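Student: please work out how this folds:
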Amino acid sequence: MSAGFVHLHLHTEYSMVDSTVRIPGLVARCKAQGMPAVALTDQNNLFGLVKFYRKAMALGVKPIIGLDLRIINDEDPEHPFTLLLLVQNNDGYRKLSELVTRCYIEGQVRGEPMARREWLTAESCAGLLALSGGREGDVGRAIVSANAELTTDCLDRWLDVFGDRYYLELIRTGRSGEEDVVQRSLTLAAEMNVAVVASNDVRFLDRDGFNSHEARVCIHDGRGLADVDRARN
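Tutor: This is a model prediction of the structure:
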């Protein structure tokens, strides 16, 4: 984490099994490093919202409210798509709250709340900004598959919903295939006149936090740390 960069894709312990970041430590780190703002984008929930808002305001760090939305992938239910949503105004907060509620009431898939693509319309997403989710979004997956027609189709559908509030997300964390998606996304952005934004997909605050994070994921997945066949996402 460094000054001059605002994290817009960040999970905390409220993402249950996907982060070891605790809100007080997060906000204190941002304050210490001179970061003016930070986003909270936990997986399909707003559980940490009140605590995050209060801690951030108390330390003079602008809180950006958001969500890592999981969208049902009918062709591959085991691998839902990701879309980052960030609140732009009060209307956006209400829309995001309604969307999360609908995920829990109508979108449960094997106990995990998810959204359906058709729920996301210009009306239901008013007041929200969207980040593509990098290689885990539907645009990113289409880029990975080298399907130019599908890539354009997916991007056009999001532009119909968000217009210039949709950004192609560039993520560099060293994971397989990321750099290729970044380069192709930059080309796509130039061709389609779409803005890009860099994020860092945060799951822990320090290098030493990696092992704790991996242990937490393994406990959830019922796998061992030494299992060479386990996915490292």
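Student: tell me the helix or strand right after the helix or strand containing Tyr104.
Tutor: Secondary-structure element containing Tyr104, defined by DSSP states H and E: helix 90-106. Per DSSP H and E, the first helix or strand lying C-terminal to helix 90-106 is strand 108-109.
Student: got a list of what the closest residue to Val197 other than its chain neighbours touches?
Tutor: Spatial nearest neighbour of Val197, excluding adjacent residues (CB to CB, 6 or more residues apart in numbering): Tyr167 at 4.3 Å. C-beta coordinates here come from the backbone N, C-alpha and C atoms, glycine included. Counting by CB atoms under 8 Å, 6 or more residues apart in numbering, Tyr167 touches 129-132, 194-197.
Student: figure out how far the helix or strand where Tyr167 lies is from the centre of its chain.
Tutor: Secondary structure from DSSP H and E places Tyr167 in strand 166-171. Taking the mean C-alpha point of strand 166-171 and that of its whole chain, the gap between them comes to 10 Å (CA atoms, centre = their mean, to the nearest Å).
Student: show me where the protein dips below the pLDDT cut-off.
Tutor: 1-3, 204, 206-233 (pLDDT under 70).
Student: can you map out the helices along it?
Tutor: 23-32, 49-59, 90-106, 138-144, 148-162, 178-192, 209-221 (DSSP state H).
Student: tabulate the ones you listed (CSV), appending distance to Val38 and mean neighbour count.
Tutor: Listed next are the helices of the chain as CSV, based on distance: least, CB to CB, whole Å; neighbours: other CB atoms under 10 Å:
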stretch, distance to Val38, mean neighbour count
helix 23-32, 5, 18
helix 49-59, 7, 16
helix 90-106, 17, 16
helix 138-144, 23, 23
helix 148-162, 22, 16
helix 178-192, 22, 16
helix 209-221, 16, 15
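Student: where's Ala58 relative to Asp180, distance?
Tutor: 42 Å (CB to CB, to the nearest Å).
Student: check Leu67 too.
Tutor: 27 Å.
Student: go on, Leu59?
Tutor: 38 Å.
Student: and if you look at Glu123?
Tutor: Applying CB to CB, the value for Glu123 to Asp180 is 35 Å.
Student: ditto for Gly133
Tutor: In terms of CB to CB, Gly133 sits 16 Å off from Asp180.
Student: and for Arg116?
Tutor: In this view, Arg116 and Asp180 are 29 Å apart by CB to CB.
Student: do the same with Leu49
Tutor: Counting by CB to CB, the gap from Leu49 to Asp180 is 35 Å.
Student: and for Ile143?
Tutor: 8 Å.
Student: re earlier: what angle do the helix holding Tyr104 and helix 49-59 make?
Tutor: For helix 90-106 against helix 49-59, the angle by axes from the mean of the first three to the mean of the last three CA atoms, to 10 degrees is 150 degrees.
Student: just checking, what packs against helix 90-106?
Tutor: strand 62-71, strand 81-87, strand 112-113, strand 128-131 (3 or more CB pairs under 8 Å, 6 or more residues apart in numbering; DSSP states H and E).
Student: indicate which one of those strands is closest to Arg54.
Tutor: Nearest of the helices and strands packed on helix 90-106 to Arg54, taken as CB to CB: strand 62-71 at 8.8 Å.
Student: for that closest one, buried residues please.
Tutor: Neighbour counts over strand 62-71 (16 or more other CB atoms under 10 Å) mark 63-71 as buried.
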